[in-house]
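Participant: sequence and predicted structure are below.
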Amino acid sequence: MYAESLLDIAMLHADTLITNAQKGDEKALNQLVSLWYKRIYNYVLKYCSDEDTATEISQQTFIAMFRNIKKLKDIDRFKPWLYRIATNFCYEESRKRKRNRTVSLTVSRGDEDDSEERLEVGEAKGNFFNPERSFQQLELEEILLESLGELTEDQRTVVIMKEYEGLKFTEIAEALDASENTVKTRLYRGLKTLKDILERKNITKETVHYEL
Amino acid sequence: MSYKPDEATLTSYLYGELSKEESAKVSDYLAANPEVKKELEGIQSMQKFMGKLQDKEVNEPSFVFEDSPTIVLARNNSFSYFLKSTLAIAASISLLILVGYFTQFKVSSNDNGWQLSFGDTQNQSNPNFNEESIKTWMKETLAANNTDLINKINEVENDLDEQSEQLLATNSGMKQLANYRIDENLIDRYVSQISRENRGIILGLMEVAGRSQREYMEEMMTDFAKFMDAQRQDDLDLIQNQLNVLVDNSEANPIDDYRNSE
């Protein structure tokens, strides 16, 4: 088996790392952070669309991991277990924000209209050189993030876990404590809703190919 | 054709996780239902550009483990932090040196001691500033200080005297108060007066009570005598009646008496 990247090489030794971390090996714990931090951070970032919150939740996730890793009985389940911790913190944060009625995790109607307008400006300018393309790449990323934010919590979680984190259905089911069938149903509905949202924002296969 | 795949099955179809047989069934269904097929194709094409949302690069923090279970988030990139702080210190020192250079800051020492100066140094040795003058100055200062101190002490003594006088006055007042002994005879008189009064009250009460008691007893005895009289009278009346009845009976039945006599 040939590993493609350093991450893959590290993953091959992940089991040993987890076992050592369970014994309280600080080095192993920090290595686990090195391995998983980027993944968890990006997962949370796509969920909440806010870098500061993503950093905070990622740190909370790993602190919770340190405290509870000894309780993890089956080290093969480490990945869904870690995503489960992160997801719980995401849900908690989401509830806190709803309760405090501060900035919503999802995009408000006003922002959405604004982004549509900005995209139209981008279209009108054309795409003749790289900075423009890069700008439009950022625009597209922003729209995708916004659109993910418009999904329900359950759908968003499943879509990000499958499409961006590449988790297996069994892993997602375990992370969310749901059946595989439920996960698949949520995923289908999430993808369908996301497609509708993007179409409403005039982001389709044709426009994206034209843009980029 | 009644087969209709549910959403979970469609998801499995999208991700190629169906068996050949099931996949063929779904394909047939899609062929017969173009709107569902279009929906699926829409999702598939969307999935292709969803990847445009790329991962953000991030520096993972390192965690410092104090006494378990306390975990502290360490500063990111400790080496760069060290470098930054070293550079900051170096820059501060350079700035100080530069300022010192431009202001011609000098530190020098001579017979009179250390001297800090900006610009040219001036020899400020004072010929009058010798041991004798210092001694005189110290004496003067000490004398002035002593006078001040004595004055202050006198003031305080005066204050103390005043206060002690006041205290004495208060004390004598207290003593006078203590001299006011209450005469024991007065108390005895008072007590005897009270007891006398009390005795009078009690006697009066007894007298009144005895009188009313007596009246009540007399009344009761009278009533009882009257009752006894009435009773005796009734008894006498009853005996009289009985005798009358006997007399009447003997008069009414003489034959019986006769027979009886026979």
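Facilitator: Received it, and whenever you're ready, just let me know what you need.

Participant: for chain A, which segments are assigned as helices?
Facilitator: Chain-ordered helices for chain A, with DSSP state H as the definition, fall at A:6-12, A:14-22, A:26-48, A:51-68, A:78-100, A:109-125, A:130-150, A:153-159, A:169-176, A:180-200, A:205-211.

Participant: ranking those helices by mean pLDDT, which is last?
Facilitator: Mean pLDDT across the helices of chain A is lowest at helix A:109-125; the value there is a mean of 41.

Participant: dump the helices of chain A into a markdown table; add distance to B:E184 and mean neighbour count as well.
Facilitator: Heads up, the C-betas are built off the backbone N, CA and C, glycines and all. Written out in a markdown table, the entries for those read as follows (distance: least, Cβ to Cβ, whole Å; neighbours: other Cβ atoms under 10 Å in any protein chain shown):
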| stretch | distance to B:E184 | mean neighbour count |
| --- | --- | --- |
| helix A:6-12 | 108 | 12 |
| helix A:14-22 | 95 | 17 |
| helix A:26-48 | 92 | 21 |
| helix A:51-68 | 86 | 19 |
| helix A:78-100 | 84 | 18 |
| helix A:109-125 | 101 | 13 |
| helix A:130-150 | 101 | 17 |
| helix A:153-159 | 97 | 22 |
| helix A:169-176 | 100 | 20 |
| helix A:180-200 | 105 | 21 |
| helix A:205-211 | 120 | 14 |
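
Participant: distance to B:V247 added to the ones you listed, as JSON lines?
Facilitator: What follows is the helices of chain A, written out as JSON lines (distance: least, Cβ to Cβ, whole Å):
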{"stretch": "helix A:6-12", "distance to B:V247": "148"}
{"stretch": "helix A:14-22", "distance to B:V247": "135"}
{"stretch": "helix A:26-48", "distance to B:V247": "135"}
{"stretch": "helix A:51-68", "distance to B:V247": "129"}
{"stretch": "helix A:78-100", "distance to B:V247": "121"}
{"stretch": "helix A:109-125", "distance to B:V247": "135"}
{"stretch": "helix A:130-150", "distance to B:V247": "136"}
{"stretch": "helix A:153-159", "distance to B:V247": "129"}
{"stretch": "helix A:169-176", "distance to B:V247": "130"}
{"stretch": "helix A:180-200", "distance to B:V247": "128"}
{"stretch": "helix A:205-211", "distance to B:V247": "153"}
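
Participant: quick one: which of those helices is nearest B:S250?
Facilitator: Checking the helices of chain A against B:S250 by Cβ to Cβ gives helix A:78-100 as the closest, at 123.3 Å.

Participant: if you count contacts, what does the closest one end up packed against?
Facilitator: Under the contact definition 3 or more Cβ pairs under 8 Å, 6 or more residues apart in numbering or on different chains; DSSP states H and E, helix A:78-100 sits against helix A:26-48, helix A:51-68, helix A:153-159, helix A:169-176.

Participant: what's it in contact with?
Facilitator: A:14, A:18, A:36, A:40, A:43-44, A:47-48, A:53, A:57-58, A:60-61, A:64-65, A:68, A:72, A:103-105, A:153, A:157, A:161, A:165, A:167, A:171-172, A:174-177 (Cβ atoms under 8 Å, 6 or more residues apart in numbering or on different chains).

Participant: please apply the same query to stretch A:156-166.
Facilitator: Contacts of stretch A:156-166 with the rest of the structure, by Cβ under 8 Å, 6+ apart, involve A:39, A:42-43, A:46-47, A:83, A:87, A:90, A:148-149, A:151, A:167, A:169, A:171-172, A:175-176, A:183, A:186-187, A:190-191, A:194, B:47, B:50, B:53, B:55.

Participant: just give me the neighbour total for residue 164.
Facilitator: If you meant another chain, say so; for now it's chain A. By the criterion of other Cβ atoms under 10 Å in any protein chain shown, A:Y164 has 19 neighbours.

Participant: switch to chain B, that's the one I care about
Facilitator: Applying the criterion other Cβ under 10 Å, we find 11 residues in the vicinity of B:S164.

Participant: if I look at it, how far off is B:T11?
Facilitator: 103 Å (Cβ to Cβ, to the nearest Å).

Participant: figure out which of the helices and strands packed on helix A:78-100 is closest to B:N110.
Facilitator: Closest of the helices and strands packed on helix A:78-100 to B:N110 is helix A:26-48, at 59.5 Å (criterion: Cβ to Cβ).

Participant: what angle do the closest one and helix A:51-68 make?
Facilitator: Computed by axes from the mean of the first three to the mean of the last three Cα atoms, to 10 degrees, the angle separating helix A:26-48 from helix A:51-68 equals 140 degrees.

Participant: hmm, helix A:26-48 touching chain B?
Facilitator: Yes: residues of helix A:26-48 contacting chain B under Cβ under 8 Å from any Cβ of the partner chain: A:26, A:29-30, A:33-34, A:37-38, A:41-42, A:45-46.

Participant: I'm done for today, thanks for sticking with me.
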